[in-house]
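A.B. asks: I'll drop the sequence and a predicted model, then ask my questions.
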Amino acid sequence: MARVKRAVNAQKKRREVLEQASGYRGQRSRLYRKAKEQVTHSLVYAYRDRRARKGDFRRLWIQRVNAAARENGMTYNRFIQGLKLAGVEVDRRILADLAVNDPAAFAALVATAKSAVRNVAGSGDAHAAATAESPAA
């Protein structure tokens, strides 16, 4: 069997890792072993944080909606409850955008939520009223 010499492939592999590590500080950008370790960690962090970003944005949207709802005299919790009872299906991203860019439309949604919560509170038990409105399984 013919002998396999790996010099070209090994150099290519090392060069690719060192290119990926080009912006790192100190030995991590110059020595292969340190660079390989750091590149692996960096890829793990990138993978993890692409998922974490989604939760971060949801948290931001909730803060914005809460602030705008409180400006209109309602808590976030009651606002979301009222929207659910009123049958308004708008996600938090859109609500946050409305809160920032269209306060009048957001105020209208708050009024809708307030009236829905008031109607349920006036009719007695909130849970019983919510289950009565939803279709039976």
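C.D. replies: Thanks, I have the structure now.
A.B. asks: which element is residue 56 on?
C.D. replies: Element membership for residue 56, per DSSP states H and E: helix 32-71.
A.B. asks: buried set for that helix?
C.D. replies: Using 16 or more other CB atoms under 10 Å as the test for burial, helix 32-71 gives 35, 36, 38, 39, 61, 64, 65, 66, 68, 69. Glycine gets a C-beta too; all of them are placed from N, C-alpha and C.
A.B. asks: State the distance from the third one to residue 10.
C.D. replies: Applying CB to CB, to the nearest Å, the value for residue 38 to residue 10 is 19 Å.
A.B. asks: Skipping adjacent residues, who's closest to residue 65 in space?
C.D. replies: What sits nearest to residue 65 in space, not counting adjacent residues and going by CB to CB, 6 or more residues apart in numbering, is residue 95, at 4.7 Å.
A.B. asks: so what does the helix or strand hosting the one you found touch, helix or strand wise?
C.D. replies: According to DSSP H and E, residue 95 maps onto helix 92-101. Packing partners of helix 92-101 (3 or more CB pairs under 8 Å, 6 or more residues apart in numbering; DSSP states H and E): helix 32-71, helix 103-122.
A.B. asks: among the ones you listed, which is nearest residue 85?
C.D. replies: Proximity to residue 85, assessed across the helices and strands packed on helix 92-101 by CB to CB, is greatest for helix 103-122 (4.1 Å).
A.B. asks: and that closest one, what other elements does it pack with?
C.D. replies: Judged by 3+ CB pairs under 8 Å, 6+ apart, helix 103-122 is in contact with helix 32-71, helix 76-86, helix 92-101, helix 126-133.
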